[in-house]
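*Asks:* Please work out how this folds:
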Amino acid sequence: MLYEKFYNLRELPFTLTPDPAFLYLSRQHRLALTLLRYGIASHASFCLLSGEVGSGKTLLVRQLLSSLQQEVRVGLIANTSRQFERLLPWVCLAFGLNHEGKDDTALYRLFVDFVMREHQAGRRTVLIVDEAQNLTVELLEELRVLSNMNTSRHVLLQTFLVGQPELRETLRLPELRQFAQRISSDFHLEPLSLADARAYVRHRLTVAGGDFNLISGEAVELAHTSGGGVPRLINQLCDTALVYGFAEQRRSIDAELMAQVIADRAAGGILPHHAAPAAAYSRAPANVV
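*Replies:* Okay, here's the model as predicted:
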């Protein structure tokens, strides 16, 4: 890529794809992952993980999936939409079941038979629904009804809901109180602290084979403030700063350069309102082609 060789990197350190190799476990991310694993081990019917866009939810789910044993059968609904009229076809699709041309009654019987076969084979069935904030009350109620196949002795289906903060607002609605009471484990990811942001950037640079001091602490502080502590936004700012640094043949990224990145992105209306660079570091625009 453009700057990898210049900075002696094996790979891009701030890619936006959820690669478990780059997972930095801050205290809260470690706790969230522990609770997810506990949810699996304790046979919880429902678990909830929420956080802002770009907070690392999907990366934690990927890490969870990579650690599960063969006795757990996982189905993943990677994206949802408020255009979903029925959830059962998507549930069946997540587990590779032939759902074409079947009504809800047939789909329910198909799924129950599948879960029972897995149980008899000594395997548990885990459904993970990502972007679950898009689920309507009616679709969430479908999930609750599916959980009724669980008995007092055996949890046949475990469901993990992963979504943005709006999901919690939906679950607080009076008509979903039965659903909310079945959530055994839940965690909300907050933005990274400044200390965690610095450790996060150093970690990603090190994993990519680079010098962990490549981006100065002051530059990371600006990226943390401008990105509101959201890992994805910090990634974007650090990645762009490395492009700017390469264009100007700078061997390291300082606060002045990071401020220019933030100013240019803010001028384009990309960053949130709180993302404004420190005036003390402003300078002439970088000549980036």
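*Asks:* Extract the residue ranges of the stretch 51-200 of the chain that are flagged as low pLDDT.
*Replies:* Within the stretch 51-200 of the chain, the segments meeting pLDDT under 70 span 82-83, 151-152.
*Asks:* what about the helices in it?
*Replies:* In the stretch 51-200 of the chain, the segments counted as helices under DSSP state H, counting those that start in this stretch are 57-67, 88-94, 104-120, 137-146, 166-171, 177-181, 194-207.
*Asks:* between those, which one is nearest to Phe14?
*Replies:* When the helices of the stretch 51-200 of the chain are compared by Cβ to Cβ, helix 194-207 sits nearest Phe14, at 6.2 Å. Every C-beta, even on glycine, is put in place using the N, C-alpha and C of the backbone.
*Asks:* Skip ahead from the closest one and say which helix or strand is next.
*Replies:* Following helix 194-207 in sequence order, the next helix or strand is helix 217-226 (DSSP states H and E).
*Asks:* I'd like the average pLDDT over that next one.
*Replies:* For helix 217-226, mean pLDDT rounds to 97.
*Asks:* so what does that helix touch, helix or strand wise?
*Replies:* helix 194-207, helix 231-247, helix 255-267 (3 or more Cβ pairs under 8 Å, 6 or more residues apart in numbering; DSSP states H and E).
*Asks:* quick one: the shortest one to helix 217-226, angle?
*Replies:* Using axes from the mean of the first three to the mean of the last three Cα atoms, to 10 degrees, the direction of helix 255-267 lies 20 degrees away from that of helix 217-226.
*Asks:* buried ones in helix 255-267?
*Replies:* Residues of helix 255-267 classed as buried: 255-266 (neighbour count, 16 or more other Cβ atoms under 10 Å).
*Asks:* Kindly calculate the angle that it makes with helix 231-247.
*Replies:* Going by the same axes, to 10 degrees, helix 255-267 makes 120 degrees with helix 231-247.
*Asks:* Counting by contacts, list what helix 255-267 packs against.
*Replies:* Checking 3+ Cβ pairs under 8 Å, 6+ apart, helix 255-267 ends up next to helix 217-226, helix 231-247.
*Asks:* Return the distance of the residue nearest to Leu171 when sequence neighbours are not counted relative to Arg168.
*Replies:* Nearest residue to Leu171, sequence neighbours excluded (Cβ to Cβ, 6 or more residues apart in numbering): Ala180, at 5.0 Å. According to Cβ to Cβ, to the nearest Å, Ala180 and Arg168 sit 9 Å apart.
*Asks:* before we move on, back to that, tabulate the buried residues of helix 255-267 (TSV), appending distance to Val230 and pLDDT.
*Replies:* Converted to TSV, the buried residues of helix 255-267 look like this (distance: Cβ to Cβ, whole Å; pLDDT from 0 to 100):
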residue	distance to Val230	pLDDT
Ala255	19	97
Glu256	23	97
Leu257	21	97
Met258	16	97
Ala259	18	97
Gln260	20	96
Val261	16	95
Ile262	14	94
Ala263	19	93
Asp264	19	92
Arg265	14	89
Ala266	15	86
